[in-house]
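In: could you work out the structure for the sequence below:
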Amino acid sequence: MKSPVHLNALRAFEASTRHQSFSGAAVELNVTPAAVGQLVRALEDWLGTPLFVRGTSGRARLVPTETAERALPDIRAGFDRLALGLERLKEGATSGTLTVAVSPAFAAKWLLPRIERFQIAWPDTDVRLDTNLKPVDFVAQRIDIGVRYGTGTWPGLAADKLMDEEVYPVCSPQLIRERDRFRKPNDLGRETLIHDLSMEAHTSFPTWEAWFKAVGAKSAVTARGMKINNSAAVLQAAVEGHGIALARSVMARDDLASGRLVRLFPEITVSSALAYYVIYRPECAALPKLAAFRDWLLEEAAAQ
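Out: The predicted structure follows:
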C-alpha cells in the first residue's frame, strides 16, 4: 500500500463513496469513469474483498460495504493529513503566494505605494492582499502574515511593532486660502470636521473629542460634521476640501509630502495610543516567504 498506484486507488474509492457512482468520482478526479472503476477493482483484488454492493438501477449505484464504511473515516483523515503536509511543504518554499491581511486604508495609503520594492527583491513571491477590518482566522483563511492597528495583543499571534504614530488636523491647501488662518485649536469648532469611524468600537482609537481634550480645547464642538468608516476615504474627503480631518501620521504622510494636505498646528504633538504591528503565527516565524516580508516591512518603516 506504499505505492502511488494504491494511493490513487484509495482516492478513487473515497470519491466513489461520496458520489455513490464512478461517474461522479471521475468528474472530481478529472479521469474517465472506466479509470475509476479499474482503480477500485484493483484495490478490491489486492484486499481480497468487495468494497461496494453494486446496484443496477436507482440513484445510488454504489453502496459501501460495512467493512468499507468502517475504514472510510481513517482514510479521509489520512487524506486530510496529507493535504496539510503538502501545505507545510509549500510554506517552506521561497516562491509561491504569500497571503497578507491588511485594512483597506493601510493597503491604499501605505503598502501599495511601496509594494513594488518587495516584488523587485523577491520576484518569485506573489503577494495576495486580503483587505478587511474584521478579525481573521489565520489558519482557516490561510493567512500568512498581516498588519494590524491596535495595542499589540492578538490571541495566538506574534506581534512585532511596525510603527507608532501621531494624530493631527489636516485640510486641503484650498481650504486654508479660503479661511482666515487657524490660530488655535478652538477655531476648528466652527468648521466641518471629518470623523473616522473605521474603528469606532475601539476605545483607544483617535477621535476629535480625544484630540481636543489632549490639546486643552475643551469647548470645541465635535459632534457635527461628516462621518466616514474608511480612513483612506477620510483623508480623500479632506483633500477635496470637504472639511478638516483628524489624520493619523502613517496614513497621511504621502498626502502631506505631495502637498495634497496641509498639517494644522504642527507645533502641537499628540501621540496615538495605538500602533501598527506585523502579526503572524509564532510557529511560522521562520518560513522564508513570511520572514522576508516581515523584515521588508520593518525596513520600510525604519526608513521613514
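In: what is the mean pLDDT for the helix ranked longest in the chain?
Out: The residue-count maximum for a helix in the chain (DSSP state H) belongs to helix 66-91. For helix 66-91, the mean pLDDT works out to 82.
In: tally of neighbours for the residue lying closest to Ala275 once chain neighbours are set aside?
Out: Spatial nearest neighbour of Ala275, chain neighbours left out: Asp164 (4.9 Å); criterion: C-beta to C-beta, 6 or more residues apart in numbering. C-beta coordinates here come from the backbone N, C-alpha and C atoms, glycine included. Neighbourhood size, Asp164 [other C-beta atoms under 10 Å]: 14.
In: and the longest helix of the chain, what does it pack against?
Out: Applying 3 or more C-beta pairs under 8 Å, 6 or more residues apart in numbering; DSSP states H and E, we find helix 66-91 packed against helix 4-19.
In: ok, and what's touching the helix or strand containing Leu235?
Out: Using DSSP states H and E, Leu235 falls within helix 231-239. Helix 231-239 is touched from outside by 103-106, 108-109, 170-172, 194-196, 198, 226, 228, 243-245, 247-248, 251-252, 255, 260-261, with contacts defined as C-beta atoms under 8 Å, 6 or more residues apart in numbering.
In: apart from its neighbours in sequence, what residue is nearest Ser271?
Out: Glu166 is the one closest to Ser271 (C-beta to C-beta, 6+ apart), at 5.7 Å.
In: any idea how far the residue nearest to Leu111 when sequence neighbours are not counted is from Leu297?
Out: Distances taken as C-beta to C-beta, 6+ apart put Val102 closest to Leu111, at 5.9 Å, once the chain neighbours are dropped. Shown here: Val102 relative to Leu297, a distance of 10 Å by C-beta to C-beta, to the nearest Å.
In: any shared contact partners between these two?
Out: Joint contacts of Val102 and Leu297 (C-beta under 8 Å, 6+ apart) are Val147.
In: which stretches of this structure form strands?
Out: Assigned by DSSP state E, the chain shows strands spanning 52-54, 62-64, 96-102, 125-131, 145-150, 158-163, 167-171, 193-196, 226-228, 244-248, 262-263, 275-280.
In: winner for burial among the ones you listed?
Out: Each of those was scored by mean neighbour count; the highest is strand 244-248, a mean of 27, by mean count of other C-beta atoms under 10 Å.
In: give the other helices and strands that that strand contacts.
Out: Secondary elements touching strand 244-248 (3+ C-beta pairs under 8 Å, 6+ apart): strand 167-171, strand 193-196, helix 231-239.
In: point out where this structure drops to low pLDDT.
Out: 1-5, 56-60, 87-95, 179-181, 219-223 (pLDDT under 70).
In: what does the domain assignment say about it?
Out: 4-91, 101-163+275-303, 167-263 (automatic domain parsing).
In: CSV for the ones you listed, including distance to Thr269?
Out: Converted to CSV, the domains of the chain look like this (distance: least, C-beta to C-beta, whole Å):
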stretch, distance to Thr269
domain 4-91, 42
domain 101-163+275-303, 16
domain 167-263, 8
